[in-house]
Each structure stands twice: as structure tokens, then as C-alpha cells.
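*Asks:* structural data only, the sequence is not supplied:
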Ligand code: S3P
């Protein structure tokens, strides 16, 4: 089976849904952020602080292109679609599922989170602006788009299974 990639904005449930799909299908799940943290031995916040976003994006591309793709689920960081190179790679190598959620839902999910350097400060404003810049890129990359707002993990997994 070709790789299944989950893309989408921060807080749309990629990690939760990826883990649930892995359990349902008995497949390993790789998370690009987790792989970056393992490789660098420090948190994403710390990587951004010490080396900046560009450095993080380079690592993200390296990791993306090196995680196993056959018979795996791969969950990605929300900014993976920023680079054309990554979008092309994702489209060429597997099935890309976009998870979507409303700004209010995303805000609820990330309200108390301090692990995302791009959401420091006014979270609502950051989410609205970043989502505006990125929305089309997710759409361009994904072959399946799943709305997650108001749905259970089970419902979302079933929708993905129907869409594949
Ligand atoms: C980012 C999303 C984060 C993480 C990093 C940057 C982004 O992953 O990769 O903080 O640019 O949207 P999640 O989407 O899992 O929060």
C-alpha cells in the first residue's frame, strides 16, 4: 500500500487521527515533527529559537523525504505544504488527506498549548492569517479533504476509509 499522508493546519487533529488510523489498520505511524525532535534532541520551540524557521523547514523536508512510505501512515507538521518541493513530493508518493477545522475549533484545541512557536502571542490573529496564506496550498496538495469540526475520531476515520 502506498503511504497515507495527513496534512492540515495546526490543531486539525493530524496526530490524533493518524494514531487512530494506525490502530485501525495495524500500520506504523511516523510523525515528521517527532522525527525532527528525535534527530535534533530538542523541542520544536528550541529549534526555532536557536536556529530559526528556515533551518526547521530544511529539516522538515529532509525528514519528509526519508520517512518510510510503504504501508505506513505519515502525519506532518502544518507548514509542510509551504515548500513547492514538498507539495510535489507528497502528491507523487502517496495519498494525501487534508484535515480541516474551523478557526474556532482550532483555537479551542490549541488554546493552552505552548509547543507551537508560530502561535505565540494573539493566537486567533495568527491562526486567521496563517490559514489564509496556506489554505490553497493544502487544497492543492490533498486528494481527499475531510472536515473534522464537530465529528468524533471514529466518524473522521470512517470518512477517510470511505474516501480512499
Ligand atoms: C507548524 C506546525 C507544527 C510544527 C511547527 C510548525 C506550522 O506542527 O511543525 O510548530 O508551520 O504550521 P502541527 O501542525 O502538528 O502543530
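*Replies:* That came through, no problem. Predicted model only: the values in this text are computed from it and were never measured.

*Asks:* please make it C-alpha for all contacts and neighbour counts, starting now.
*Replies:* Fine.

*Asks:* chain center to stretch 151-164: distance?
*Replies:* 17 Å (C-alpha atoms, centre = their mean, to the nearest Å).

*Asks:* before we move on, what about stretch 121-135?
*Replies:* 15 Å.

*Asks:* and if you look at stretch 85-100?
*Replies:* Distance of stretch 85-100 from its chain centroid, counting by C-alpha atoms, centre = their mean, is 11 Å.

*Asks:* ends of it, how far apart?
*Replies:* Counting by C-alpha to C-alpha, to the nearest Å, you get 22 Å between the two ends of stretch 85-100.

*Asks:* which of the residues in it are buried?
*Replies:* 86-87, 90, 94-100 (16 or more other C-alpha atoms under 10 Å).

*Asks:* and stretch 73-88, by the same measure?
*Replies:* Buried residues in stretch 73-88, counted by 16+ other C-alpha under 10 Å: 73-81, 86-87.

*Asks:* what's the answer for stretch 5-25, then?
*Replies:* Across stretch 5-25, burial judged by 16+ other C-alpha under 10 Å covers 5-15, 17-22.

*Asks:* still on that earlier bit, could you pick out which of the buried residues of stretch 85-100 are near the ligand?
*Replies:* Among the buried residues of stretch 85-100, no residue is within reach of the ligand (C-alpha under 6 Å from any ligand atom).

*Asks:* what residue of this protein is the furthest out?
*Replies:* Using C-alpha atoms, centre = their mean, the residue of the chain lying farthest from its centre is residue 50. It sits 22.7 Å away.

*Asks:* average pLDDT across the one helix or strand residue 36 maps to?
*Replies:* Using DSSP states H and E, residue 36 sits in helix 32-40. What helix 32-40 shows for mean pLDDT is 98.
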